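Return atomic coordinates for the entry below.
(one chain, ligands or ions: 1)
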Amino acid sequence: MPALDIQSVSKSYNHLLVLDHVSAQIDKGELVTLLGPSGCGKTTLLRSIAGLADIDEGRVILDGRDVTKVPIHKRGIAMVFQSHALFPHMSVADNVAFGLKMQGVAKAEREERVKRALSLVRLDDYLARMPHELSGGQQQRVAIARAVVTNPTALLLDEPFGALDRKLRETLQVELRRLTKELGITAIFVTHDQEEAVVLSDRVAVMNAGIIQQIAPACDVYENPANEFVANFMGFQNIFDAEARSAQQLAIGDTVIAVEKIEAQPGSKVRMAIRAERVSLASGHREGAMPGQISSSVYQGEQTSYVVDTATGPVTARIPTTDARFAVGEAVSVDLDPAAIRILAH
Ligand SMILES: Nc1ncnc2c1ncn2[C@@H]1O[C@H](COP(=O)(O)OP(=O)(O)OP(=O)(O)O)[C@@H](O)[C@H]1O
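Just a heads-up that it's a prediction; the model follows:
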């Protein structure tokens, strides 16, 4: 039985369909991220699970219990938001103890659980501090401790690290993952940052226009996008038309490439994707390779990104800067790594 079963949930705001029959099953102890562009419905889905938004259709089942009509405070859910919603006039310990107090947990047990929760977020020594005496990252750690201390059936996090700098975000991502795994908490994390989703998740649900486009382990979404939207969103810089010549041959313009396997009828048009890191370049035109001309280059530190004009259109190649030696206007051969070519579903 899944810990959370989202069954065909739909929601509209002013006749605009924001969630379109969304379904997903999440196992106990699993960390799933909802990833997608601004406005795709991530927060609305999270709020629907929490009971903060009424849904028009569908059901939300938590631990086998239909909670569709159950108010938020009776769902056993804890939430963490982007802005630190700590009580400003309460100490760190009192902030974390608040939910337990509401549940009527006795003082001695409360103190014990608050200490453990704060130790899990490495804030053992901060019990007596006030929120304004903490950094932004520490405040978010307190918010997480406050959320997990009540042993929620699910922990819902809405871009909790959105306001923090990159380095701190990375630290907190690792900590959050460790914490949820240690406690066996089922968690759903909203983000629009694909790197964050890949680092954190057991599975990533990529959303667009109120629909989950793909829900799969992070490496699958990253390496085997289900369709063009997911490929684009997961950073495939090169997406173009091609033709399946046979089960193992793909024609891109006049260039024919041997690939491992194509699931398409010979002669049919397909859309293909390849990451810029899997495209290599060589000076001059070589027989059998795709000919092109360098149109721009951007230095990116360890790597340099080139855009090459080809008969198929622009192709982006990202190669180690130490190997980069191409001038704008130079004629080059473009090689696509056959193992890295992905054929996209329509
Ligand atoms: N209370 C509301 N009333 C009317 N429209 C709303 C309301 N809440 C959200 N919307 C609309 O629903 C759509 C989805 O919003 P939602 O906040 O779920 O997106 P999101 O994917 O979380 O975006 P972001 O990453 O920008 O937070 C948007 O078009 C938004 O304008």
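
C-alpha from now on. contacts and neighbour counts both.
Noted.

Any residues of the stretch 1-150 of the chain in contact with the ligand? List them.
13, 18, 37-44 (C-alpha under 6 Å from any ligand atom).

List just the nearest of the residues you listed to Thr150.
Of all these, Thr150 sits closest to Thr43, with 22.6 Å by C-alpha to C-alpha.

The closest one contacts Thr191, correct?
No - using C-alpha atoms under 8 Å, Thr43 is not in contact with Thr191, being 9.2 Å away.

hey, what's in contact with both of those two?
Asp158 (C-alpha atoms under 8 Å, 6 or more residues apart in numbering).

mind checking which helix or strand Pro291 is in?
strand 290-300 (DSSP states H and E).

So the closest residue to the ligand within the stretch 51-200 of the chain versus Val32, what's the distance?
Residue of the stretch 51-200 of the chain nearest the ligand, by C-alpha to the nearest ligand atom: His192 (6.0 Å). Here the criterion is C-alpha to C-alpha, to the nearest Å. By it, His192 lies 13 Å from Val32.

Domains in the chain, by residue range?
The chain breaks down by the TED database into domains covering 4-230, 236-344.

Now render these as JSON lines, adding mean neighbour count and mean pLDDT.
Formatted as JSON lines, the domains of the chain follow (neighbours: other C-alpha atoms under 10 Å; pLDDT from 0 to 100):
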{"stretch": "domain 4-230", "mean neighbour count": "19", "mean pLDDT": "93"}
{"stretch": "domain 236-344", "mean neighbour count": "18", "mean pLDDT": "92"}
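
ok, which stretches of the protein are helices?
42-50, 92-102, 107-120, 136-148, 166-183, 194-200, 218-223, 228-233 (DSSP state H).

Check which helices and strands the longest one sits against.
This means helix 166-183. helix 194-200 (3 or more C-alpha pairs under 8 Å, 6 or more residues apart in numbering; DSSP states H and E).

Could you do the second one as well?
Contacts defined by 3+ C-alpha pairs under 8 Å, 6+ apart place helix 92-102 against helix 107-120, helix 136-148.

Was I right to think Pro71 contacts Ala53?
No - counting by C-alpha under 8 Å, Ala53 is not a contact partner of Pro71; they are 10.0 Å apart.

what's next to stretch 214-233, contact-wise?
Against stretch 214-233 from outside (C-alpha under 8 Å, 6+ apart): 36, 194, 197-198, 201-208, 213, 234, 239, 271, 273, 342, 344-346.

residue contacts, the most centrally placed residue in the chain?
Most central in the chain under C-alpha atoms, centre = their mean is Ala197, positioned 2.9 Å from the mean C-alpha point. With contact taken as C-alpha under 8 Å, 6+ apart, Ala197 is in contact with 33-35, 191, 204, 218.
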